[in-house]
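J.: what shape does this take:
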Amino acid sequence: MRRVLLAILIAAFLPAVSWADDIACFDYDCETNNGQPCTFDASCSDGDPFIWKINFDWGDGSTTGLTSQYEWEHVFSYSGNECAKDVTLYVFPYSSETAQVTCNIIFRCCPFGPQTCGQAGRCTSSP
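T.: Numbering: from 1, shown residues only. Below you'll find the predicted structure:
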């Protein structure tokens, strides 16, 4: 009985644990495109209490698989006039739900429309 009362008293005076929103986020640079690797860095991601693993899906049929490595280079596979892919980052925090974000990444000069060649930026699921 004393243990139960002690547990109730402790719970009443301790602040509730508040898990922050998990954030899937990556910086990318494909400005040196046309067959050159694009660079990706997921270190701007956040998970509570910490990130267990991440997985990049490059949108060309390949992925990193579950990994603890945040920085990657990738050369995209493509066919014909294709010049952009939807890249998805999955973040697997320890003890919480998976966060994900998808951005369309231009990885080489587009041979049609306005001349767009590569890009750099940040893709984030931040609220």
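J.: what is the neighbour count of Ala99?
T.: 23 (other CB atoms under 10 Å). To be clear about C-beta, it is placed using only N, CA and C from the backbone, and glycine gets the same treatment.
J.: contacting residues for the spatially most central residue of the chain?
T.: Geometric centre of the chain, nearest residue: Leu89, 3.4 Å, by CA atoms, centre = their mean. Residues counted as contacts of Leu89 (CB atoms under 8 Å, 6 or more residues apart in numbering) are 24-26, 42, 45, 54-57, 100-102, 123.
J.: and the lengthiest strand in the chain, which strands flank it?
T.: In terms of residue count, the longest strand belonging to the chain (DSSP state E) is strand 84-93. Using DSSP bridges, strand 84-93 pairs in its sheet with strand 51-57 (antiparallel), strand 99-106 (antiparallel).
J.: in the last one, which residues are buried?
T.: It refers to strand 99-106. By neighbour count on 16 or more other CB atoms under 10 Å, the buried set for strand 99-106 is Ala99, Val101, Cys103, Ile105, Ile106.
J.: count the residues that sit near the residue nearest to the fourth one when sequence neighbours are not counted.
T.: Going back to what we said before, that points to Ile105. Using CB to CB, 6 or more residues apart in numbering and skipping residues adjacent in sequence, the residue nearest Ile105 is Val87, 4.9 Å away. Using other CB under 10 Å, the number of residues around Val87 comes to 24.
J.: I'd say Val87 and Gly121 touch.
T.: No - using CB atoms under 8 Å, Val87 makes no contact with Gly121, being 11.5 Å away.
J.: what do those two both touch?
T.: Between them, Val87 and Gly121 share the contacting residues Tyr28, Cys103, judged by CB under 8 Å, 6+ apart.
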